[in-house]
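Enquirer: coords below, sequence missing:
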DNA sequence: CCGATTTCTGACCATATGGTCAGGACTATG
DNA sequence: CATAGTCCTGACCATATGGTCAGAAATCGG
């Protein structure tokens, strides 16, 4: 039954992490958590919460399933952590908004930042979308607190720009929805976009063109000169 | 074990369909298929393919699970049928595009139609989004054939409008992506929008405002007078 | 009214899944 | 080297799920 444990260990355990410079013990936990979170993000994005299995996540992380459960006791706690991380990245993109003098800079930079996230964190965007689409069963509290506050703050900022005559008097919420949906579309529906691009991923130039198109149409659409 | 079958039947079977005028046998199959498809659409939208169970779908349809399997042999075949139906609705919205003289009519009507679908078929939109987000494992063939053709056709039409000087020389594909994402956002992220609307569903007036905002920003953004 | 066809269903099965656990292995420190 | 604390893992379990099936019930055609 447990005859050749040493052999198994030799074959499996020690050589798993290729970049394993001997790191302090304290970091081991964080290190493995990051590996698992990254794997989980991808699996959740590909299969959804229900379709994902702890076994698949463990395989993607290169760890035994029981080891994943050692760091994240339940599938839901792991999922919550993944979604929470995405939410943070998501909100950080809004900094560009705050520091801007007017809508051309603020909204333009925000669109750029969100497009960049769609490009670099497509899996995260999909997990977020999936979560919200299913009624946000796990992170409803985030929506009701942080997102509501954040949105109200942006609405105020946009209204100030409108009153200053810097842009057309549009409904700020619908503008935000348009920015969110359009930018995230390049992540969430990336597969469809790729299929429509002769099944090739968007090139760097195509990404630049996408960014430029989105910015141009939206900014012009709200009466902001580019 | 099977003592009171007649009682069960009395309680359960005969009064299930309220509008059950005695319909011909031929229609029974179609009728139940529709009931099941409608239930499945909602369950798939709420829980994703992986999270949905045949039992939940059966419950939502008011039928025993085995009966659902009588009409749809596998979960995947049922899912495929649901997605396929959505795809049809989805494409029909494009008719408005074809019959238009210029971009103001064509794109405006298309946006209206897509917003209306988001409003009336939110579950379907979510199932579609979920399917595409996960790499379209079931309906990739639809994407590669019908959607590609449809898109190319629209791109040609838009380019003709551009060459005729009826709108700005934007990239038609990115315009289509913007229309798709913005309109479908009101279905796919309806829960988020509702949360940001004091947890109340959009009223009729708010839906009208949403439509108007989307149309205004996009049409103005591409240089089309409203 | 009768046989044939379709519809319906409870009971069942093989499998897969989330999660547990006892104990082994490793690492740091004294 | 010894001890303590952390990390790791194979084996296991209770449960849930997709799917099957024999046969009952209803419906239809004549």
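Expert: Everything's here; your move. Quick caveat: nothing in here was measured; it's all calculated off a predicted structure. Residues are numbered from 1 along each chain as shown, chains lettered A, B, ... in the order given.
Enquirer: make it CA atoms for all contacts and neighbour counts henceforth
Expert: Fine.
Enquirer: Next, count neighbours for the nearest residue to residue A:201 once chain neighbours are set aside.
Expert: Nearest residue to residue A:201, sequence neighbours excluded (CA to CA, 6 or more residues apart in numbering or on different chains): residue A:194, at 5.2 Å. Neighbourhood size, residue A:194 [other CA atoms under 10 Å in any protein chain shown]: 14.
Enquirer: distance of residue A:194 from residue B:134?
Expert: 13 Å (CA to CA, to the nearest Å).
Enquirer: OK, contacts around the residue of chain A found nearest DNA strand D?
Expert: Chain A approaches DNA strand D most closely through residue A:67 (3.6 Å), counting by CA to the nearest atom of the strand. With contact set as CA atoms under 8 Å, 6 or more residues apart in numbering or on different chains, residue A:67 has these partners: residue A:58.
Enquirer: Tell me where the model's unsure across chain A.
Expert: A:1-26 (pLDDT under 70).
Enquirer: which secondary structure elements does the top helix by length along it contact?
Expert: Scanning chain A for the helix with the most residues, using DSSP state H, yields helix A:25-51. Helix A:25-51 makes packing contacts with helix A:54-61, helix A:65-71, helix A:75-92, helix A:122-133, helix B:25-51 when contacts are defined by 3 or more CA pairs under 8 Å, 6 or more residues apart in numbering or on different chains; DSSP states H and E.
Enquirer: Tell me the buried residues in the first one?
Expert: If you call a residue buried by 16 or more other CA atoms under 10 Å in any protein chain shown, then helix A:54-61 has these buried ones: A:54, A:56, A:57, A:58, A:60, A:61.
Enquirer: Could you do the third one as well?
Expert: For helix A:75-92, a neighbour-count test (16+ other CA under 10 Å) marks A:75, A:78, A:79, A:82, A:83, A:84, A:86, A:87, A:90 as buried.
Enquirer: The first one against residue A:54, yeah?
Expert: Spelled out, it's residue A:75. Yes. Checked against CA atoms under 8 Å, the pair residue A:75 and residue A:54 is within contact range at 6.8 Å.
Enquirer: ok, residue A:105 - contacts?
Expert: Residue A:105 touches residue A:97, counting by CA under 8 Å, 6+ apart.
Enquirer: Which helix or which strand is home to it?
Expert: In this structure, residue A:105 sits in helix A:103-120 according to DSSP states H and E.
Enquirer: Report the inter-axis angle for that helix versus helix A:75-92.
Expert: 150 degrees (axes from the mean of the first three to the mean of the last three CA atoms, to 10 degrees).
Enquirer: what angle separates helix A:103-120 from helix A:122-133?
Expert: Using the same axes, to 10 degrees: helix A:103-120 against helix A:122-133 is 100 degrees.
Enquirer: what sits against the most centrally placed residue in chain A?
Expert: Closest residue to the average C-alpha location of chain A: residue A:124 at 3.1 Å, with CA atoms, centre = their mean. Contact analysis of residue A:124 by CA under 8 Å, 6+ apart lists A:41, A:42, A:45, A:82, A:83, A:86.
Enquirer: Make CSV out of those and add distance to residue A:224.
Expert: CSV is the format used below for the contacts of residue A:124 (distance: CA to CA, whole Å):
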residue, distance to residue A:224
A:41, 37
A:42, 38
A:45, 36
A:82, 37
A:83, 34
A:86, 30
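Enquirer: which among those residues gets closest to residue B:98?
Expert: Closest approach to residue B:98 among the contacts of residue A:124 (CA to CA): residue A:45, at 35.6 Å.
Enquirer: Let me see the contact set for the closest one.
Expert: Here residue A:45 is in contact with A:123, A:124, A:126, A:127, A:130, B:133, B:134 (CA under 8 Å, 6+ apart).
Enquirer: Test my guess that residue A:72 contacts residue A:78.
Expert: Yes. Judged on CA under 8 Å, residue A:72 makes contact with residue A:78 at a distance of 5.6 Å.
Enquirer: correct me, but residue A:98 touches residue A:106?
Expert: Yes. Contact criterion CA under 8 Å: residue A:98 and residue A:106 qualify, at 7.1 Å.
Enquirer: Who has more neighbours out of those two?
Expert: Legend: neighbour count by other CA under 10 Å for residue A:98 and residue A:106, higher for residue A:106 (20 against 14).
Enquirer: Tell me the secondary structure at residue A:199.
Expert: coil (DSSP: H, G, I helix; E, B strand; the rest coil).
Enquirer: contacting residues for it?
Expert: Neighbours of residue A:199 in contact, by CA under 8 Å, 6+ apart: none.
Enquirer: What separation do you get for it and DNA strand C?
Expert: As for residue A:199, its distance to DNA strand C is 29 Å (criterion: CA to the nearest atom of the strand, to the nearest Å).
Enquirer: Would you list the phi and psi of that residue?
Expert: phi 60, psi 20 (degrees, to the nearest 10).
Enquirer: Could you do residue A:168 as well?
Expert: Per degrees, to the nearest 10, the backbone of residue A:168 is at phi -70, psi 160.
Enquirer: Tell me, how many residues neighbour it?
Expert: Here the count is done by other CA under 10 Å, and residue A:168 has 17 residues near it.
Enquirer: How about the one 4 residues further on?
Expert: Using other CA under 10 Å, the number of residues around residue A:172 comes to 19.
Enquirer: Surely residue A:225 touches residue A:107?
Expert: No. Using CA under 8 Å, residue A:225 is not in contact with residue A:107; the gap is 11.8 Å.
Enquirer: Quick check: neighbours shared by the two?
Expert: residue A:219.
Enquirer: Quick check: buried residues in the longest helix of chain A?
Expert: A:32-33, A:36-49, A:51.
Enquirer: With stretch A:207-223 instead?
Expert: Those buried within stretch A:207-223 under the rule 16+ other CA under 10 Å are A:207, A:209-223.
Enquirer: so how far is residue B:177 from residue A:201?
Expert: 15 Å.
Enquirer: How about residue A:110?
Expert: 19 Å.
Enquirer: So those two - more neighbours on which side?
Expert: Between residue A:110 and residue B:177, residue A:110 has the larger neighbour count (other CA under 10 Å), namely 24 against 21.
Enquirer: residues contacting the more buried one?
Expert: A:93, A:94, A:96, A:97.
Enquirer: In helices, which of those residues fall?
Expert: A:96, A:97.
Enquirer: From the contacts of residue A:110, keep the buried residues only.
Expert: Applying 16+ other CA under 10 Å to those flags A:93, A:94, A:96, A:97 as buried.
Enquirer: How many residues are close by the closest residue to the first one other than its chain neighbours?
Expert: Spelled out, it's residue A:93. Once flanking residues are discounted, residue A:93 sits nearest to residue A:113: 5.6 Å by CA to CA, 6+ apart. Using other CA under 10 Å, the number of residues around residue A:113 comes to 21.
Enquirer: what does residue A:225 give?
Expert: Residue A:225: 12 neighbours (other CA under 10 Å).
Enquirer: Repeat that for residue A:195.
Expert: Neighbours of residue A:195 (other CA under 10 Å): 18.
Enquirer: Quick check: phi and psi on the residue lying closest to it once chain neighbours are set aside?
Expert: Leaving aside its chain neighbours, residue A:195 sits nearest to residue B:144 (6.5 Å; criterion: CA to CA, 6+ apart). For residue B:144, the backbone dihedrals (degrees, to the nearest 10) come out as phi -70, psi -20.
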